[in-house]
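> no FASTA, just this:
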């Protein structure tokens with residue numbers, strides 16, 4: 001799935017932390033990037049490692065090169081961004097369509113390509129892929145429970 005990545009900058013991915021967080025590098029600068037629009041299962045959750053591995057596969061198919069459209073910085077100092085491969089794949093939509101992430105409704109108003117991600121998730125839901133195979137705990141619910 002592709003969409004507009006105007007004003008995106010090219011970076012090299014140096015680490016895939018989980019299904020919605022990567023570390024990127026360009027010209028000696030390293031940034032930790034949290035994907036806008038989606039929330040992937042935490043590594044300790046069911047499908048957490050599968051989500052990370054799916055994202056790694058997508059990035060490896062693009063030779064580790066991505067275009068990043070930074071939109072914000074979160075409370076942990078991570079850049080919040082839309083991320084695309086050189087082949088114009090919108091990684092958030094790819095993760096959602098494979099059932100490897102949920103649309104993050106709480107922050108969707110800040111997502112320029114929200115409709116694309118929502119449509120991708122709808123496909124995964126209809127086909128019962130990944131997180132839609134069962135009634136898994138959502139990542140935001142998991143994190144809240146871990147904090148309490």
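Arrived safely. Since the model is a prediction, treat every value here as computed from it, not as a measurement.
> which residues does the residue nearest to the spatial centre of the chain contact?
A centroid search over the chain (CA atoms, centre = their mean) returns residue 20, at 3.5 Å, as the residue closest to the centre. Residues touching residue 20, when contacts are defined by CB atoms under 8 Å, 6 or more residues apart in numbering, comprise 34-35, 38-40, 51, 55, 92, 95, 101. Yep, even glycine has a C-beta here, placed from its N, CA and C like the rest.
> In strands, which of those appear?
Counted as lying in strands by DSSP state E, out of the contacts of residue 20, are 34-35, 38-39.
> still on that earlier bit, of the contacts of residue 20, which is the nearest to residue 116?
The shortest separation between residue 116 and any of these is 8.1 Å, and it belongs to residue 92 (by CB to CB).
> Quick one: residues contacting that closest one.
So residue 92 contacts 20, 35-38, 82-83, 101, 113, 117, 120 (CB under 8 Å, 6+ apart).
> so who does residue 42 touch?
Applying CB under 8 Å, 6+ apart to residue 42 gives the contacts 18, 48, 139, 142-143.
> Residue 31 too?
When contacts are counted by CB under 8 Å, 6+ apart, residue 31 touches 11, 23-25, 78-79.
> one more time with 10 Å, if that's ok
Going by CB atoms under 10 Å, 6 or more residues apart in numbering, residue 31 touches 11, 14, 22-25, 68, 70, 73, 77-79, 81.
> Type out the PyMOL command that picks the buried ones from the residues you listed.
Here the buried members of the contacts of residue 31 are turned into a PyMOL selection, burial being counted by 16 or more other CB atoms under 10 Å:
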select buried, resi 11+22+23+24+68+70+78+79+81
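> So which of the ones in strands among the contacts of residue 20 is the closest to residue 61?
Residue 61 lies nearest to residue 35 out of the ones in strands among the contacts of residue 20, by CB to CB, at 17.0 Å.
> Okay, and the residue nearest to residue 91 when sequence neighbours are not counted sits in which element?
Taking CB to CB, 6 or more residues apart in numbering as the measure, residue 91 lies nearest to residue 83, with 4.6 Å between them; neighbours along the chain are not counted. Using DSSP states H and E, the secondary-structure element containing residue 83 is strand 79-85.
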